[in-house]
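Visitor: next comes the sequence, and after it the predicted model I'd like to discuss.
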Number of protein chains: 2
Amino acid sequence: MAKGLTKRAENYSQWYNELVIKADLAETSAVRGCMVIKPYGYSIWENIQDILDKMFKQTGHQNAYFPLLIPKSFFSREANHVEGFAKECAVVTHYRLKNDKEKGGIVVDENAKLEEELIIRPTSETIIWNTYKNWIQSYRDLPILCNQWANVMRWEMRTRLFLRTSEFLWQEGHTAHETADEAIKETEKMINVYADLVENYMAIPVMKGRKSPNERFAGAIDTYCIEALMQDGKALQAGTSHFLGQNFAKAFDVKFLNKENQLEYVWATSWGVSTRLIGALIMTHSDDNGLVLPPKIAPLQVVIVPIYKNEDDLQQISAVAQHIKEDLEKLNVSVKYDDRDNYRSGWKFNEYEMKGIPVRITIGPKDLEQHQVEICRRDTLEKNFLPIDNIAENIQKLLADIQQNLFLKAQQFRDSHITKVDTWEEFEKAIEQGGFVSAHWDGTTETEEAIKEKTKATIRCIPFNNPQEEGKCIFTGNPSKERVLFARSY
Amino acid sequence: MAKGLTKRAENYSQWYNELVIKADLAETSAVRGCMVIKPYGYSIWENIQDILDKMFKQTGHQNAYFPLLIPKSFFSREANHVEGFAKECAVVTHYRLKNDKEKGGIVVDENAKLEEELIIRPTSETIIWNTYKNWIQSYRDLPILCNQWANVMRWEMRTRLFLRTSEFLWQEGHTAHETADEAIKETEKMINVYADLVENYMAIPVMKGRKSPNERFAGAIDTYCIEALMQDGKALQAGTSHFLGQNFAKAFDVKFLNKENQLEYVWATSWGVSTRLIGALIMTHSDDNGLVLPPKIAPLQVVIVPIYKNEDDLQQISAVAQHIKEDLEKLNVSVKYDDRDNYRSGWKFNEYEMKGIPVRITIGPKDLEQHQVEICRRDTLEKNFLPIDNIAENIQKLLADIQQNLFLKAQQFRDSHITKVDTWEEFEKAIEQGGFVSAHWDGTTETEEAIKEKTKATIRCIPFNNPQEEGKCIFTGNPSKERVLFARSY
């Protein structure tokens, strides 16, 4: 199998597309731009959900569910939201089909036309704030800390599995607060929750910071983000958290009686991550042999493959394998013993390599004689032998080691791909080479857009705790007080 | 609060509607027929999901995700499916909005019209079988045992929160098998999984059986169902599992090479339960004081309320309450200590009664003196005292007792509302009184529809292992070999 995979160096984009298919993660569907997330890909999403959902609940959030469809007029309520938000949305205009008596098949019933068109949610601020209006009267009703796990739809023209699809799965948090300060703290808290997930479970190092005004979410006062760097030198926005000020409260007239008994507009945040994270996971760690998964996010952490010539061998190996499996499961390690006899072991090796199982254990008759097993770690493809005694504890340590190694490797790659430049010439060259480019910018949207026009690079973020230093904008030469991170991005 | 609730005996339907709102479970939204599931209601759904998802995985199923939108033409492929399936569906015709330059606001961009309309899934057999076509070549690819947790949409004209909404949440399992026998076994297995959830966790007794041909799912060879009885004597279909034969495989041309190396159509099942189960839960157990929840499905099982006059009392009570809370949590009992000082204890009692918290513990200064606490169980509203020693173990036993009591009570109600009748006169009277009516039926759809026309009663199910006995159809007098269960239903 692995041999069928295009090498990253040859064609990174093709490597990615093939890998998603060959690792059995997702595929395109009969509906343009919409993907089918296959069981293996979905189980990665389930792991992300499990981890995040616990974090949300630990930070006081509750889940709820709001309608899929949003009345068209809601989008016009918040001026920046409607201006800035992409209008590529799926529009529901009718609510009934009927049999086509002439040609057979079914047709849309033209008598069942909606008075007002409904939009499949591209994001839910509008319908949620229209709902919150009824939930909030006084400061006692605040804060509201809701999250929803949902599908959303943005009619993308160029789609790629996980990275950009018309329908995708995500979570969207929507919170309501008494004060600006509390809402800003929430915005920060949630970007830190995302960084925790992405760095400590998915082993993807991120830059945390704020977006430039031009890259903010439509309707936000401030957008915080985490930005990761893929192996081809392009950045990927892995999560965002928005401080929405009172914009949506004003648009939907959501006021509360504060402690001083005065009516005031409510302060808001929203934040989300999506199945796009799976794209980031693939592109950060995987190699020319297939997927590489950090143990903490891998649906299956260990696979045991028996090598045998006859039934006798298999029986002895199976006894040992079952024992190892049980010991590993006691340590909460997920493990599969693959004794299928209709596949050769070489085929199995390729399969598990392609699917990124962190550790493979191979057991043959000679290993049993020597009371050992062969271990192959997916991250480095290194093989060595481990004694059967204490094997479970040693595998557990190995998994922790793999987790750490993947993060450090990605971090080293990222850190070695941040280039400081001070001239336009250097900037253009650095952007061409890929990675983050740290440069002075005069702070105007005009300059940002001109740079994007010329180089396809955008400001990915203005890092938190950014050192303040005097400098000159690489494009206009105008004065600047800090460097920002540019990159081409997904 | 409770005093504001209409009594069941006065107006059952109004009681239900008010209860859903007052217990903070769900509310209507700005979009006709679509509900907002509020955090408390959603947490019940999360518990249902957790339990079912574990059961699905234990029985070898995996989750996946298929597109929300389905090409219109797919629905015409399976003849019975398109004939029998309700055509009230949301239809997407356009994929872009634009600013309205004349009037302001936004309008649908008429240039962005889809070539073929897309339907928001009312159920996913068609798109899934169109996908399975590419997954299945040989018997080695079978079985496929997939489930998806998703939102679906059926444009209902008369909607009621949880019971019948245009958008609802559900899971839909779709499996593919080598043989009819294996598929039938799967269909049975899953109706048993549903019965396990509904009876052993939700404490709702069900009748298991098959649907009459007229009540089968559109495109199914056989539909199994579980039917529950609500307190107003109406039945509620709580879950269905369909044996689809080779119908969808033929419609989407899904063949496999069997072990004899011959091409054969694949055998299919599908099965689902939805947020409707929450409606069944409410209507089975709740009373005129509000929601009553079985402990195994309750988001919060125990609440502790302090009764105090001064800060000193509160401190002493809090120390004991925290201790009890910790002990209960060690036994995996979910518990909240509500020491909010801006609500009176009477208000809290009403609130927790309305929300159906199974056990309330009250602690006052006198209780502490006597080293005891007051316990109130929600199912019977009985109060008594328990010594503080071993309180956690005793509460745990009490919760098990409440769980069992709710099931037995509902079972007794159900069993006392099954009426055997042998004449049309008796039948009409029994249907009018409510409950299941066990009667002979001649087996024809014609008779079934005539009975429905006259009495609004339908055949809820033909119970599994139904005793065979000679009899005469209550409507036509034609010979019949078994009794079936009729009822009016939700």
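Guide: That came in fine, so what should we check first? Keep in mind it's a predicted model, so treat the numbers as computed, not measured.

Visitor: and the residue lying farthest from the centre of chain A, its phi and psi?
Guide: Distance from the C-alpha centroid of chain A, by Cα atoms, centre = their mean, peaks at residue A:102 (48.3 Å). Dihedral angles of residue A:102 (phi, psi; degrees, to the nearest 10) stand at phi -80, psi -60.

Visitor: please apply the same query to residue A:175.
Guide: phi -120, psi 150.

Visitor: next one: residue A:164
Guide: Per-residue torsions, residue A:164: phi -160, psi 100 (degrees, to the nearest 10).

Visitor: wait, it sits on residue A:88?
Guide: No - between residue A:164 and residue A:88 there is no contact under Cβ atoms under 8 Å: 11.6 Å. C-beta here means a position set from N, CA and C on the backbone, and glycine is covered the same way.

Visitor: can you list residues touching both of those two?
Guide: Among the neighbours of residue A:164, those also in contact with residue A:88 (Cβ atoms under 8 Å, 6 or more residues apart in numbering or on different chains) are residue A:156.

Visitor: keeping just the C-alphas, turn stretch A:203-220 into CSV.
Guide: Provided in CSV are the C-alpha atoms of stretch A:203-220 (Å, rounded to 0.1, in the frame of the first residue of the first chain):
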residue,chain,number,x,y,z
ALA,A,203,1.1,17.2,19.6
ILE,A,204,0.9,20.2,17.3
PRO,A,205,2.8,23.3,18.5
VAL,A,206,0.9,26.5,18.0
MET,A,207,1.5,30.3,18.0
LYS,A,208,-1.1,32.0,20.1
GLY,A,209,-2.1,35.6,19.3
ARG,A,210,-4.7,38.0,18.0
LYS,A,211,-5.8,38.5,14.4
SER,A,212,-5.3,41.8,12.6
PRO,A,213,-8.6,43.8,12.2
ASN,A,214,-8.8,42.6,8.6
GLU,A,215,-8.7,38.9,9.6
ARG,A,216,-11.1,39.2,12.4
PHE,A,217,-14.4,37.3,12.5
ALA,A,218,-17.2,39.3,11.0
GLY,A,219,-18.9,41.0,13.9
ALA,A,220,-16.0,40.5,16.4
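
Visitor: now the spatially most central residue of chain A: how far from residue A:413?
Guide: Residue closest to the average C-alpha location in chain A (Cα atoms, centre = their mean): residue A:277, at 1.6 Å. Using Cβ to Cβ, to the nearest Å, one gets 18 Å for the distance from residue A:277 to residue A:413.

Visitor: equivalent analysis for residue A:46, please.
Guide: When Cβ to Cβ is applied, the distance between residue A:46 and residue A:413 equals 28 Å.

Visitor: try residue A:342
Guide: 40 Å.

Visitor: between the two, which one's more packed in?
Guide: residue A:413 (16 against 6; other Cβ atoms under 10 Å in any protein chain shown).

Visitor: what comes up buried for stretch A:177-197?
Guide: By neighbour count on 16 or more other Cβ atoms under 10 Å in any protein chain shown, the buried set for stretch A:177-197 is A:177-178, A:182-184, A:186-188, A:190-195, A:197.

Visitor: number of residues surrounding the residue nearest to residue A:37 when sequence neighbours are not counted?
Guide: Nearest non-adjacent residue to residue A:37, counting by Cβ to Cβ, 6 or more residues apart in numbering or on different chains: residue B:65, 4.0 Å away. Applying other Cβ under 10 Å, we find 23 residues neighbouring residue B:65.

Visitor: and if you look at residue A:224?
Guide: Residue A:224: 27 neighbours (other Cβ under 10 Å).

Visitor: SS state for it?
Guide: strand (DSSP: H, G, I helix; E, B strand; the rest coil).

Visitor: would you map the helices across the stretch 301-450 of chain A?
Guide: Taking DSSP state H, counting those that start in this stretch to define them, one finds helices in the stretch 301-450 of chain A at A:311-330, A:345-354, A:365-369, A:391-415, A:424-433, A:445-455.

Visitor: could you export the ones you listed as JSON lines, including distance to residue A:201 and mean pLDDT?
Guide: What follows is the helices of the stretch 301-450 of chain A, written out as JSON lines (distance: least, Cβ to Cβ, whole Å; pLDDT from 0 to 100):
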{"stretch": "helix A:311-330", "distance to residue A:201": "20", "mean pLDDT": "97"}
{"stretch": "helix A:345-354", "distance to residue A:201": "21", "mean pLDDT": "97"}
{"stretch": "helix A:365-369", "distance to residue A:201": "33", "mean pLDDT": "94"}
{"stretch": "helix A:391-415", "distance to residue A:201": "9", "mean pLDDT": "98"}
{"stretch": "helix A:424-433", "distance to residue A:201": "30", "mean pLDDT": "98"}
{"stretch": "helix A:445-455", "distance to residue A:201": "33", "mean pLDDT": "97"}
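
Visitor: which one of the ones you listed lies closest to chain B?
Guide: Closest approach to chain B among the helices of the stretch 301-450 of chain A is made by helix A:345-354 (12.5 Å; Cβ to the nearest Cβ).

Visitor: give the buried residues for the closest one.
Guide: With burial defined by 16+ other Cβ under 10 Å, the residues of helix A:345-354 counted as buried are A:348, A:349, A:350, A:351, A:352, A:353, A:354.

Visitor: now do the same contact list for the residue lying closest to residue A:219 once chain neighbours are set aside.
Guide: Closest residue to residue A:219 apart from its sequence neighbours, by Cβ to Cβ, 6+ apart: residue A:81 at 3.7 Å. With contacts defined as Cβ under 8 Å, 6+ apart, residue A:81 is in contact with A:75, A:125, A:126, A:218, A:219, A:247, A:248, A:251.

Visitor: highest neighbour count among those?
Guide: Neighbour counts for the contacts of residue A:81 peak at residue A:125, which has 30 neighbours (criterion: other Cβ under 10 Å).

Visitor: and that one, what pLDDT?
Guide: Residue A:125 is assigned a pLDDT of 96 by the prediction.

Visitor: save the helices of the stretch 301-450 of chain A as TSV, and put in distance to residue A:12 too.
Guide: Listed next are the helices of the stretch 301-450 of chain A as TSV, based on distance: least, Cβ to Cβ, whole Å:
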stretch	distance to residue A:12
helix A:311-330	35
helix A:345-354	17
helix A:365-369	38
helix A:391-415	14
helix A:424-433	14
helix A:445-455	19
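
Visitor: closest to residue A:154 out of these?
Guide: Of all the helices of the stretch 301-450 of chain A, it is helix A:445-455 that lies closest to residue A:154, at 20.4 Å by Cβ to Cβ.

Visitor: what residues of that closest one count as buried?
Guide: A:447, A:448, A:451, A:452, A:455.

Visitor: then stretch A:328-341?
Guide: Neighbour-count burial for stretch A:328-341, counted by 16+ other Cβ under 10 Å, picks out A:328, A:333, A:335, A:337.

Visitor: near chain B, which residues of the stretch 251-400 of chain A are found?
Guide: Proximity of the stretch 251-400 of chain A to chain B (Cβ under 8 Å from any Cβ of the partner chain) is limited to residues residue A:342.

Visitor: and the strands in the stretch 101-250 of chain A?
Guide: With strands called from DSSP state E, counting those that start in this stretch, the stretch 101-250 of chain A shows them at A:106-108, A:113-120, A:144-153, A:167-177, A:207-210, A:222-229, A:235-245.

Visitor: can I get those in JSON lines with mean pLDDT?
Guide: Shown next, in JSON lines, are the strands of the stretch 101-250 of chain A (pLDDT from 0 to 100):
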{"stretch": "strand A:106-108", "mean pLDDT": "91"}
{"stretch": "strand A:113-120", "mean pLDDT": "96"}
{"stretch": "strand A:144-153", "mean pLDDT": "98"}
{"stretch": "strand A:167-177", "mean pLDDT": "98"}
{"stretch": "strand A:207-210", "mean pLDDT": "98"}
{"stretch": "strand A:222-229", "mean pLDDT": "98"}
{"stretch": "strand A:235-245", "mean pLDDT": "98"}
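
Visitor: quick check: which element contains the closest residue to residue A:439 other than its chain neighbours?
Guide: Nearest non-adjacent residue to residue A:439, counting by Cβ to Cβ, 6+ apart: residue A:474, 4.7 Å away. Under the criterion DSSP states H and E, no helix or strand holds residue A:474.
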